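Participant: The following comprises the amino acid sequence and a computationally predicted model.
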Amino acid sequence: MGNAAWLTLALPQWYFPAFLSPFAAGGLTIIPAVGTLALLIALGSAVIRRRREIVWFLVPVAASHVLVAVAGLMRGGLGQDTANPILLIFLAAQLILCGVLVWRLRRARFEAALLSVFAMTYAVFAAFIAAMALTDVWL
């Protein structure tokens with residue numbers, strides 16, 4: 001249980017600092033930096049334009065946290081061959097969910113598009129952490 005709680009809390013702590021130094025750990029840290037920038041622009045625009053419907057984007061973010069929590073509970077329980085399809089299905093579901101949200105939130109399409117960029121980069125980062133936890137192979 002401790003691994004699940006620790007990883008769930010560590011996810012945003014590892015994701016958001018990449019915005020301040022996007023190339024600190026190599027080229028891959030540009031992914032969370034772009035996502036954070038998209039989040040900041042979307043939230044600023046949503047506040048100015050009073051778009052409350054963007055709260056629906058908490059669902060894909062929560063799903064990313066659930067994935068990391070489950071991976072923490074199952075730490076080391078899967079091999080690479082088993083973990084990869086699960087993570088690919090998760091990423092495909094996140095992509096479909098973000099697409100549906102952008103399509104449904106017509107009044108806030110600009111903000112929804114930016115938030116889908118954030119949600120997908122957050123999901124990719126969560127899947128990366130979940131892959132390490134599920135296989136118990138850490139960088």
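Facilitator: In hand now; what should we look at? Numbering: from 1, shown residues only.
Participant: the helices in the protein, which residues?
Facilitator: 2-15, 30-49, 58-73, 80-104, 109-135 (DSSP state H).
Participant: CA atoms of the second one as CSV?
Facilitator: Spelled out, it's helix 30-49. Presented in CSV, the C-alpha positions along helix 30-49 are these (Å, rounded to 0.1, in the frame of the first residue of the first chain):
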residue,chain,number,x,y,z
ILE,A,30,10.5,18.1,-22.9
ILE,A,31,7.3,16.0,-22.8
PRO,A,32,6.2,17.2,-19.4
ALA,A,33,7.4,20.7,-20.1
VAL,A,34,5.1,21.0,-23.1
GLY,A,35,2.2,19.5,-21.2
THR,A,36,2.7,21.9,-18.3
LEU,A,37,2.9,24.9,-20.7
ALA,A,38,-0.4,23.7,-22.4
LEU,A,39,-2.0,23.4,-18.9
LEU,A,40,-1.0,26.9,-17.9
ILE,A,41,-2.3,28.4,-21.1
ALA,A,42,-5.5,26.4,-21.0
LEU,A,43,-6.2,27.3,-17.4
GLY,A,44,-5.5,31.0,-18.0
SER,A,45,-7.8,31.1,-21.0
ALA,A,46,-10.5,29.2,-19.2
VAL,A,47,-10.4,31.6,-16.3
ILE,A,48,-10.6,34.6,-18.6
ARG,A,49,-13.3,33.1,-20.8
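Participant: what helices or strands is that helix leaning on?
Facilitator: helix 2-15, helix 109-135 (3 or more C-beta pairs under 8 Å, 6 or more residues apart in numbering; DSSP states H and E). Bear in mind the C-beta positions are built from the backbone N, C-alpha and C, glycine included.
Participant: List the buried residues for the shortest one?
Facilitator: For helix 2-15, the neighbour count (16 or more other C-beta atoms under 10 Å) marks 3-4, 7-8, 11, 14-15 as buried.
Participant: Can you pull out the low-pLDDT segments for this protein?
Facilitator: In the predicted model, the chain carries pLDDT under 70 at residues 1-3, 25, 139.
Participant: Report the central residue of it.
Facilitator: Y122 (1.9 Å; C-alpha atoms, centre = their mean).
Participant: Is it correct that it is in contact with A62?
Facilitator: No. Judged on C-beta atoms under 8 Å, Y122 makes no contact with A62 at a distance of 10.5 Å.
Participant: Fine, thanks again, bye for now.
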